[in-house]
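Visitor: Mind looking at a prediction? Sequence and model below.
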Amino acid sequence: MLRGCIVGCGAISTMHAMGINATEYGVIEAVCDIVPERADKAAKEYGCRALYSFEEVLSDPAIDVVHICTPHHLHVEMTVRALRAGKHVLQEKPVALSREELKILIEAEKETGKRVCVSLQTRSNAGIKKLFEIIKTDTSIGKLTGVTGVLVWNRGEAYYQKDGWRGRWTTEGGSLLCNQAIHTLDLMHYFAGPAKRVRAHIATNWWDDIIETEDTANALIEFESGVRGVFFGTNTYTSSSPAMIELDFEHARFRYADQALYRIDPQGHAECLQKDARKTPGKVVWGSGHPQLIYDFYQFLKEGKGTYLSLADALPSAMTLLSMYESGKAGNVWTDVSK
């Protein structure tokens, strides 16, 4: 049985706790937070130990897997330290806030031989898995030519003011793109592969008196495969809806929206092929993929079989994310993703 420790007892930590409890390969050994009250509350809820510093986590031989659920600017530093302390890591998104951080993380995983799983859990949703299966087995649909990603969410003043690290370039690294839309971008890359170059526009259209980062973005993405990608996202709307992904093939079109997969005929009629799980822990717009993501990682670590969402899997969307920020800050210029 692998023993996990959740570091950072904020909102997303509950999803990690549910995931660990749902697998026969793991158990929650401890939780950690620098705010003792938060750690104590989580420890009581999950029936485990409470730790109050990351140093305690690193030096504890009883901990096998560290779940990094801390503010964005701490992700790479804490992941690298955990790897070097002999722990495997399940890291929340975003992977890194700069190309330099990304290189450091890649090297640390290689040097230590420990594993990093990235929490891009929407790949585990039933509709997405069904679409991936169709693409791999149905040659009649032809080649993929285009992919669209759309995310329309709401994030308000209370959300940003609750945690001071949000909405700041130095601590969150961005907002809409790296926090909410990264899952949508990752799905685009999951189907289209690595990107070659990107041209993006980022703006703070509504929350400019609250945050310094972006609340809206759009982009044109040219993938190495020749596929053309179009993305739009915002967190300025009055409510939040599940992300929409549309794939255009030579002889077919598929749309993943409202937590279901549809095949769109030439007249525009939609046939539902697969619905996601109806009971979703946490927010509905998050999807239901966290438990499966964690299950896959723990099973791989324990038995050495199956697959999990690795750091290598997460790199294509991470590289594009960083390139989108570079392009947007430079004034919507074409930016090479692999530079």
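Guide: The structure has been received and is ready for your questions.

Visitor: Can you give the contact residues for the helix or strand of the chain with the lowest mean pLDDT?
Guide: None of the helices or strands of the chain scores lower by mean pLDDT, DSSP states H and E than helix 157-162, at a mean of 91. Taking contacts as CB atoms under 8 Å, 6 or more residues apart in numbering, the residues outside helix 157-162 that touch it are 166, 167, 207, 210, 211. To be clear about C-beta, it is placed using only N, CA and C from the backbone, and glycine gets the same treatment.

Visitor: Which residue comes closest to the last one once chain neighbours are left out?
Guide: Right, residue 211. Counting by CB to CB, 6 or more residues apart in numbering, the nearest residue to residue 211 once its immediate chain neighbours are dropped is residue 167, at 3.0 Å.

Visitor: Flag every buried residue along the helix or strand harbouring residue 291.
Guide: Of the helices and strands defined by DSSP states H and E, residue 291 is found in helix 290-303. By neighbour count, and taking 16 or more other CB atoms under 10 Å as the criterion, the buried residues in helix 290-303 are 290-302.

Visitor: Using TSV, lay out those residues together with pLDDT and distance to residue 24.
Guide: Rendered in TSV, the data for those read as follows (pLDDT from 0 to 100; distance: CB to CB, whole Å):
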residue	pLDDT	distance to residue 24
290	88	17
291	91	12
292	92	14
293	95	16
294	96	12
295	96	9
296	96	13
297	98	14
298	98	9
299	97	9
300	98	14
301	98	13
302	96	9
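
Visitor: Roughly how far does residue 215 sit from residue 332?
Guide: Counting by CB to CB, to the nearest Å, the separation of residue 215 from residue 332 is 17 Å.

Visitor: Summarise which helices and strands the helix holding residue 291 is packed against.
Guide: Taking 3 or more CB pairs under 8 Å, 6 or more residues apart in numbering; DSSP states H and E as contact, the helices and strands that helix 290-303 lies on are strand 2-7, helix 13-21, strand 26-32, strand 65-68, strand 88-92, strand 116-119.

Visitor: can you tell which of these is closest to residue 248?
Guide: Comparing the helices and strands packed on helix 290-303 by their distance to residue 248 (CB to CB), the top pick is strand 116-119, with 27.2 Å.

Visitor: With just CA atoms, put the closest one into CSV.
Guide: Taking only C-alpha atoms (Å, rounded to 0.1, in the frame of the first residue of the first chain), the coordinates of strand 116-119 have been written out as CSV:
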residue,chain,number,x,y,z
VAL,A,116,5.9,12.8,-11.7
CYS,A,117,2.2,12.6,-12.5
VAL,A,118,0.5,15.9,-13.6
SER,A,119,-3.1,16.6,-12.6
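
Visitor: And the contacts of it?
Guide: Outside of strand 116-119, the residues that reach it under the criterion CB under 8 Å, 6+ apart are 79, 83, 88-93, 95, 105, 109, 290, 293, 297, 308-311, 313-314.

Visitor: mean confidence score for that strand?
Guide: Throughout strand 116-119, pLDDT has a mean value of 98.

Visitor: same deal with stretch 72-88?
Guide: Confidence for stretch 72-88, expressed as mean pLDDT, is 98.

Visitor: quick revisit: tilt between the helix or strand just after the helix holding residue 291 and strand 88-92?
Guide: Going down the chain from helix 290-303, the next helix or strand is helix 311-329, by DSSP H and E. Counting by axes from the mean of the first three to the mean of the last three CA atoms, to 10 degrees, helix 311-329 points 30 degrees away from the direction of strand 88-92.

Visitor: Quick check: neighbours of the next helix or strand after helix 311-329 in the sheet, parallel or antiparallel?
Guide: Per DSSP H and E, the first helix or strand lying C-terminal to helix 311-329 is strand 335-336. According to DSSP bridges, strand 335-336 has the following sheet partners: strand 195-203 (antiparallel).

Visitor: Domains in the chain, by residue range?
Guide: Partitioning the chain according to automatic domain parsing yields domains covering residues 2-119, 124-276+311-336.

Visitor: okay if I get those as JSON lines plus mean neighbour count?
Guide: Formatted as JSON lines, the domains of the chain follow (neighbours: other CB atoms under 10 Å):
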{"stretch": "domain 2-119", "mean neighbour count": "20"}
{"stretch": "domain 124-276+311-336", "mean neighbour count": "18"}
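
Visitor: ok so, going back, nearest to residue 142 among the contacts of helix 157-162?
Guide: Closest to residue 142 out of the contacts of helix 157-162 is residue 207 (42.1 Å), distances taken as CB to CB.

Visitor: so which strand or helix has that closest one?
Guide: Counting by DSSP H and E, there is no helix or strand that carries residue 207.

Visitor: just the CA coordinates of stretch 216-236, formatted as PDB?
Guide: Coordinates of each C-alpha in stretch 216-236 appear next as PDB, following Å, rounded to 0.1, in the frame of the first residue of the first chain:
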ATOM      1  CA  THR A 216      -9.600  36.500 -21.400                       C
ATOM      2  CA  ALA A 217      -7.500  35.000 -24.200                       C
ATOM      3  CA  ASN A 218      -7.800  33.700 -27.700                       C
ATOM      4  CA  ALA A 219      -5.200  32.000 -29.900                       C
ATOM      5  CA  LEU A 220      -4.400  30.400 -33.200                       C
ATOM      6  CA  ILE A 221      -2.300  27.200 -32.800                       C
ATOM      7  CA  GLU A 222      -0.400  25.500 -35.600                       C
ATOM      8  CA  PHE A 223       0.400  21.900 -34.700                       C
ATOM      9  CA  GLU A 224       3.400  20.000 -35.900                       C
ATOM     10  CA  SER A 225       0.900  17.500 -37.600                       C
ATOM     11  CA  GLY A 226      -0.500  20.300 -39.700                       C
ATOM     12  CA  VAL A 227      -3.700  20.500 -37.700                       C
ATOM     13  CA  ARG A 228      -5.000  24.000 -37.100                       C
ATOM     14  CA  GLY A 229      -6.200  24.900 -33.600                       C
ATOM     15  CA  VAL A 230      -8.500  27.700 -32.500                       C
ATOM     16  CA  PHE A 231      -8.900  28.600 -28.800                       C
ATOM     17  CA  PHE A 232     -11.100  31.000 -26.900                       C
ATOM     18  CA  GLY A 233     -11.500  31.300 -23.100                       C
ATOM     19  CA  THR A 234     -12.700  33.700 -20.500                       C
ATOM     20  CA  ASN A 235     -13.600  33.700 -16.800                       C
ATOM     21  CA  THR A 236     -15.600  36.900 -17.000                       C
END
